[in-house]
Structures are given as C-alpha cells and as structure tokens.
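Enquirer: Provided below for reference: sequence and predicted model.
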Amino acid sequence: MSFGFLGIQFGFALQNANVSRIFETLGGTEIALYWLAAPLTGLLVQPIIGYLSDRTWSPRWGRRRPFFLVGAILASIALLVMPNVTALWMAVGMLWIMDSSINISMEPFRALVGDLLPSEQRTTGFAAQTFFIGVGAVVASSLPWVFTNVFHVANTAPAGEIPPSVRYSFIIGGIVFFLAVLWTVLRTKEYPPENIAEFEAEKARSAGFANGFRESFMGIFEMPKTMRQLAVVQFFSWLALFSMWIYTTPAITSHIYHTSDTTSKLYNEGADWVGICFAVYNGVSALAALLLPAIARATSRRFTHMLCLTAGGLGLISMYFIQDPKLLLLSMVGVGVAWASILSVPYAMLAGALPSNKMGYYMGVFNFFIVIPQVVAGLILGFFTKHLFHNESILTLVLGGVSMIISGLLTLRVNDADDINLPVQEPAETLGYDALAPANPQV
C-alpha cells in the first residue's frame, strides 16, 4: 500500500529539482511568480479531494484508489510533456497540471494507512511510506546527473531547448510514477465502511459539489487548537522549503559556478549538481526518520521538531559561505534532517486532534498551510531577490534558513494532544508517526 509513494515522490523530486531550470532555459526571469501555478492548484484540489475521498466507496475500486489512479494517469502524462515544451507559458501550464495531478494522488495516500491498518501496525505502514519517499526522491533527483556522467547523455542544448538528460529523466519519471501507483491500486484491497447505510445517509446529507467546496474551505475556520498552532509552524517551514526549491538552481549556478548562461556547460553542471544535492537531502531524510522516534522518546515531539528545523535552517544559511560545490552536501545533511521531521512530526502531533471519520478532509485542509506559504513565496520572494538582494539568489536561501529556524521555535508552543494519550510501553523499535511519542506521556 505504500509502494505508490515511490512514484509520487519521483514526480515531486523531478519537479522540485528541475522546473526552475526549465523556466530559466526558456527565458523566464520571474521564477517565483511562475511557481504560483503549483500552490494555487493545491489550494483548490487537496481539500476537495480529501472531502470527496472520505465520501467515496466502490465495491471494486474502494475509497482512495480511484483518486490514486486518476492522479497517476494525469501526472504521468504531464511528466512526459513537461521537458518537451517549447515556450515559457507552456511550461507554467504544465506545472499547473502536473502539480494538480500529483495532489490528486497524494492526499488520499496519507489517509490510506489510517483506513486499512490497525493501530499496532500503523507505525510500520508509515515507516514504509517514509522509506519509499526517500528512495523515490534520491533516484529521481539524481537522474539528470546519472544520465550525463554515467550514460554520457548531453546535458546542454541550444538556447530555448531542454537538455536531453533532463528530458530522459522526466520520461523515466512518468513511467515510474504510473507503474508504482498502479501497483498499489491493483495490489491493495480496501475495506468497506462499517455501516454502509449510515455512510450513504451521511453522503446524501452532504451531497453536491457546491456543498463539498463550501465545507472544504470552511474547515479552515473550524480547526482544532493543535491544528491552528501547527498551521503557523507549517507556514514558516514550508516558506523555507519553497525558497530552496525555487532558488537553489540560480543560487548555486551564480554564487558558486559564477554563471547565469543557461546554454553553457558550466551552468548545466551546476544545475545537475543541484539534483545531487537534492538527492542527498532526501537520502539523509530517509535515514534520519529512523532516529526521530528515539529522540522524541528522550525529549518530546515538539523539541525534536524544533531541533530538526534548526538544523535545516543552519544548513540553508551555510550555503552562503560555501564556494566548493562538494561542501554543499554538508548543508544538505541539515536540510535532510529537517525534511524528515517535516514529513512526519507535524502529522504525528496532528493525528491525535482529528476525528477519524474526517481524516482525509482535515488532511486536505491542513494542506492549506503548505499551499499558502508557496503562494506567499511566489508573490514576495521574487521582489526580495530582485530589489532587496539585487538578484543574489543565495540571499533568498539565507532568508529561507531564517524562516525555518523561526518555525522550529514556534513548534515549542504547540499543544501535542497525544502527550497524554499514548502508552508509555510502546516498543522502541517501532517507527513512523505513532512511534513519535514522548518518553513520559504523563508530563
């Protein structure tokens, strides 16, 4: 049931590591503004998909799997088309379609483990999910570099054309995305609602797209207290992440490789190295996820998240002081530790505050606080980079590092509902969201 996440992360990793490169290659200058396409679609898609998947049941296809399949088909097509676009407006449009499609698949995946596994197995399910996220991201982020350095595929192209190494990477990504999600669709059996009559009655009471749309967006005003506190934490941590995903390529190519000529060999070497850096932080995150439960038991989930976000913020800030590309890998260690925590700890703290019958819905609403910082990043980071930082993109990464440290400090004020609910004698070797319980839940 978790294998499909390998495909989803393939799509996200290719998008995050290469879309800014594609925009620059096609002559784009307002990179942060172009990235607005992605969050705006997520703002619309994820809460509605979560709401609809909570109210879907098919004896043949189940509850979440129809959304996996539709999202996988659309995302795979977008991945195949993206590196073959010939104009900037086409690239922005494909980012819109690609991000929407990935979102259709992703949020129901988060709810699937909670749907299918008993409480004593959920930790293993979430650990498997984290593992496939790490594997998919490492491989996908490395693909352009691998094609260039192992298979000797050209990583340069005439002005306005995407290099072959990037095109081939997206082709592989589209195939892997579809096949990995298809495996989960075909190999996973979902259970029907416990009371079909009650389920159908609830669905009838909330029928209609307009009602679903209204409920989805009114949910932001009905969030539990813990969810509201986590929302602020999410805002600052994801603002930092989007500054990294949007500006790492121009920052590294200009600050370390000292070029902005997208047709030059040096620029494309730098852009390929960004993929390696992203692969490293994703690989570190997969390993760090194994250590988070132990740290949380010895301290608390709040302290653990603060510690990890501080490491990520320092990693981003350190990039300003580096001139040797290889040393960037050390910066990525801090980012990887933060990424591991961002993928797990907020959801661990959130889970205890949510009603089980609205898990998909509230996960979609919680996504607002991933999307809103991306919108803010698209609106303000371009202005900051151009007018305050005089086009020194590396300073935008420093700003992201400061934002991530602020996020870590804000975590200390979150009420972790499970602090008093989880048993003390949880096996130490379990992994995942549920295992991130503090050492003394009575405190």
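Expert: Ah, there it is. Numbering: from 1, shown residues only.

Enquirer: quick one: M82 and T396, what's the gap?
Expert: Distance from M82 to T396, counting by C-beta to C-beta, to the nearest Å: 24 Å. For every residue, glycine as well, the C-beta is placed using N, CA and C.

Enquirer: Same question for D261.
Expert: For D261, the distance to T396 - C-beta to C-beta - is 20 Å.

Enquirer: and after the lowest-mean-pLDDT helix or strand in the chain, which helix or strand comes next?
Expert: Within the chain, no helix or strand scores below helix 209-218, which has a mean of 62 by mean pLDDT, DSSP states H and E. Per DSSP states H and E, helix 209-218 leads on to helix 225-255 as the next helix or strand towards the C-terminus.

Enquirer: Report the buried residues of that next one.
Expert: For helix 225-255, a neighbour-count test (16 or more other C-beta atoms under 10 Å) marks 226-227, 229-255 as buried.

Enquirer: immediately after that helix, which helix or strand?
Expert: With elements assigned by DSSP H and E, the helix or strand that comes after helix 225-255 is helix 265-298.

Enquirer: now that following helix: mean pLDDT?
Expert: In this model, helix 265-298 has a mean pLDDT of 88.

Enquirer: who does that helix touch, helix- and strand-wise?
Expert: With contacts defined as 3 or more C-beta pairs under 8 Å, 6 or more residues apart in numbering; DSSP states H and E, helix 265-298 has these neighbours: helix 4-25, helix 119-149, helix 225-255, helix 301-318, helix 328-351.

Enquirer: among those helices, which is the most enclosed?
Expert: By mean neighbour count, with neighbours taken as mean count of other C-beta atoms under 10 Å, helix 4-25 ranks first of these at a mean of 27.

Enquirer: P250 and S260 touch, don't they?
Expert: Yes. Shown here, P250 and S260 form a contact pair, counting by C-beta atoms under 8 Å, at 7.1 Å.

Enquirer: Now list whatever residues contact both of these two.
Expert: Common contacts of P250 and S260 (C-beta atoms under 8 Å, 6 or more residues apart in numbering): E24.

Enquirer: what's the distance between Y267 and L409?
Expert: When distance is defined by C-beta to C-beta, Y267 is 37 Å away from L409.

Enquirer: the more surrounded of these two?
Expert: More crowded of Y267 and L409, by other C-beta atoms under 10 Å: Y267, with 25 against 14.

Enquirer: And L412, how close does it get to L307?
Expert: Taking C-beta to C-beta, one finds L412 at 11 Å from L307.

Enquirer: Likewise for L290?
Expert: Per C-beta to C-beta, L290 is found 16 Å from L307.

Enquirer: low-confidence ranges in the stretch 51-200 of the chain?
Expert: The model of the stretch 51-200 of the chain has pLDDT under 70 over residues 114, 118-127, 195, 198-199.

Enquirer: before we move on, back to that, D261 and T396: who's more crowded?
Expert: More crowded of D261 and T396, by other C-beta under 10 Å: T396, with 26 against 11.

Enquirer: so who does L43 touch?
Expert: F368, V371, I372, V375.

Enquirer: per-residue confidence for it?
Expert: For L43, the pLDDT comes out at 71.

Enquirer: May I ask which helix or strand encompasses it?
Expert: When elements are assigned from DSSP H and E, L43 belongs to helix 37-54.

Enquirer: ok, the residue lying closest to M1 once chain neighbours are set aside - how many residues close by?
Expert: With sequence-adjacent residues excluded and distances taken as C-beta to C-beta, 6 or more residues apart in numbering, M1 is closest to T188, at 4.6 Å. Counted by other C-beta under 10 Å, the residues lying close to T188 total 17.

Enquirer: thought T188 was touching S2?
Expert: No. The criterion here is C-beta under 8 Å, and T188 misses it with S2 at 9.4 Å.

Enquirer: Apart from its neighbours in sequence, what residue is nearest W238?
Expert: P373 (4.3 Å).

Enquirer: mind listing what that neighbour touches?
Expert: Neighbouring residues of P373 by C-beta under 8 Å, 6+ apart: Q234, F235, F236, W238, L239, F242.

Enquirer: repeat that with 7 Å
Expert: Going by C-beta atoms under 7 Å, 6 or more residues apart in numbering, P373 touches F235, W238, L239, F242.

Enquirer: ditto for A140
Expert: Residues near A140 by C-beta under 7 Å, 6+ apart: Q9, F10, A13, L14, G173.

Enquirer: can we see that at 6 Å?
Expert: The contact partners of A140, taken as C-beta atoms under 6 Å, 6 or more residues apart in numbering, are F10, A13, L14, G173.

Enquirer: and which of those is nearest C277?
Expert: Nearest to C277, judged by C-beta to C-beta, of those is A13 at 11.8 Å.

Enquirer: Name the nearest residue to that closest one, sequence neighbours excluded.
Expert: Closest residue to A13 apart from its sequence neighbours, by C-beta to C-beta, 6+ apart: A140 at 3.7 Å.

Enquirer: do the same with N282
Expert: Once flanking residues are discounted, N282 sits nearest to A137: 3.4 Å by C-beta to C-beta, 6+ apart.

Enquirer: Same question for Y362.
Expert: Spatially, and ignoring its direct neighbours in sequence, Y362 is nearest to L354 (4.9 Å; C-beta to C-beta, 6+ apart).

Enquirer: wouldn't that neighbour be in contact with V365 here?
Expert: No. Counting by C-beta atoms under 6 Å, L354 stays clear of V365, with 9.9 Å between them.

Enquirer: Counting neighbours, go ahead and name the busier of those two.
Expert: Between L354 and V365, counted using other C-beta under 10 Å, V365 has the larger neighbour count: 26 against 21.

Enquirer: In terms of helices and strands, where is that one?
Expert: Using DSSP H and E, V365 sits in helix 359-366.

Enquirer: Which helix or strand lies directly C-terminal to that helix?
Expert: Following helix 359-366 in sequence order, the next helix or strand is helix 368-376 (DSSP H and E).

Enquirer: can you give me the mean pLDDT across that following helix?
Expert: On average, the pLDDT along helix 368-376 is 84.

Enquirer: what does the helix or strand just after it rub up against?
Expert: Helices and strands here follow DSSP H and E; after helix 368-376, the next one along the chain is helix 382-383. Applying C-beta under 6 Å, 6+ apart, the external contacts of helix 382-383 come out as E30, A32, L33.
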